[in-house]
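> turn this into a model:
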Amino acid sequence: MMKPLVIEAFFKVFFAVVVQGHICAKLGSMRGNPGYFLMAHPLLEDENFTRSVLLMTKWDSEQAEGLIINRISQYTLDQALNGAWPDWPLYIGGPVATDSLYYVHRRPDLIPNGEHVGPDLFFGGDFAAVRSAIERGEINSSEIRFMAGYAGWAPQQLEAELEQDSWIVREPSALSTWWNREELYRSWASEWPDHHKLWLNSPEEPHWN
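Next up is the predicted model:
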């Protein structure tokens, strides 16, 4: 008969292999395919990502990058940029390069050279075309979303955070499931397995309320 400590050690190794295998398989399908979402675990200690939902715009063996899509800043677009811009919401895209502007949009017909990052969704593109489309009134705030900054990870950093269960991965989703949805984090979190939903009522960082 196996001793209790031996059995415990066996199961630790067994579950580590299973979890690692699952993560590797998941990463294999995600790398090179932008449009996946990351949801911060409710107990993630980094206040930059408290209750955040990120759209992944790049994920390969060299680096991973994404944009927070559910956190609106205290500033509007016209307050953040010089010149005549509309007073549209400005989102906090992440803690990297917060003095730079990024955008995702639904109008590749007006904004060329954007990267396809999800169903009917594009990242970046010709900035002059963005400005021109806004000035002509051909695009509105429901078709484009501006972010200050982005989220970025060094090689293997995000993989390590996934192993630590810091993030919950969500498959690419149609725009109708998130683009204009209020309380996106809690709405999607309601679909989590029970072992993740258990932590949803844990206290948030108070300054994000």
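
> this protein: strands as residue ranges?
For the chain, the strands defined by DSSP state E occupy 37-40, 53-59, 64-68, 72-76, 89-92, 96-105, 115-118, 121-123, 144-153, 167-170.

> just send these back as CSV, with mean neighbour count, distance to residue 131 and mean pLDDT too.
Heads up, the C-betas are built off the backbone N, CA and C, glycines and all. Output for those, formatted as CSV (neighbours: other C-beta atoms under 10 Å; distance: least, C-beta to C-beta, whole Å; pLDDT from 0 to 100):
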stretch, mean neighbour count, distance to residue 131, mean pLDDT
strand 37-40, 22, 29, 96
strand 53-59, 23, 21, 94
strand 64-68, 24, 20, 97
strand 72-76, 14, 16, 95
strand 89-92, 20, 16, 97
strand 96-105, 16, 11, 97
strand 115-118, 17, 19, 94
strand 121-123, 22, 16, 97
strand 144-153, 21, 11, 97
strand 167-170, 18, 33, 94
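
> looking at those, which is nearest to residue 181?
For the strands of the chain, the distance to residue 181 is smallest for strand 53-59, at 10.0 Å, taking C-beta to C-beta.

> rewinding a little: may I see the strands of the chain arranged in TSV, with distance to residue 197 as well?
Listed next are those as TSV, based on distance: least, C-beta to C-beta, whole Å:
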stretch	distance to residue 197
strand 37-40	12
strand 53-59	16
strand 64-68	21
strand 72-76	25
strand 89-92	25
strand 96-105	28
strand 115-118	25
strand 121-123	27
strand 144-153	24
strand 167-170	10
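
> closest to residue 161 out of those?
If we rank these by C-beta to C-beta, the stretch that ends up nearest is strand 167-170, at 6.1 Å.

> where does this structure dip in pLDDT?
By pLDDT under 70, the weakly predicted segments of the chain are 1-32, 202-209.

> out of the strands of the chain, which comes closest to residue 198?
Closest to residue 198 of these is strand 167-170 (C-beta to C-beta; 12.7 Å).

> now for the most centrally placed residue in the chain: which residues touch it?
Centroid-nearest residue in the chain, with C-alpha atoms, centre = their mean: residue 54, separated by 0.8 Å. Neighbouring residues of residue 54 by C-beta atoms under 8 Å, 6 or more residues apart in numbering: 37, 38, 39, 40, 66, 67, 68, 69, 94, 151.

> that one pairs with what?
Residue 54 forms beta bridges with residue 38, residue 68, as assigned by DSSP bridges.

> how close does it get to residue 64?
Remark: distance between residue 54 and residue 64 (C-beta to C-beta, to the nearest Å) = 10 Å.

> repeat that for residue 34.
10 Å.

> re the thing from before, now tabulate the contacts of residue 54 in JSON lines and tack on distance to residue 166.
Conversion of the contacts of residue 54 to JSON lines gives the following (distance: C-beta to C-beta, whole Å):
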{"residue": "37", "distance to residue 166": "14"}
{"residue": "38", "distance to residue 166": "9"}
{"residue": "39", "distance to residue 166": "10"}
{"residue": "40", "distance to residue 166": "7"}
{"residue": "66", "distance to residue 166": "14"}
{"residue": "67", "distance to residue 166": "18"}
{"residue": "68", "distance to residue 166": "15"}
{"residue": "69", "distance to residue 166": "18"}
{"residue": "94", "distance to residue 166": "15"}
{"residue": "151", "distance to residue 166": "12"}
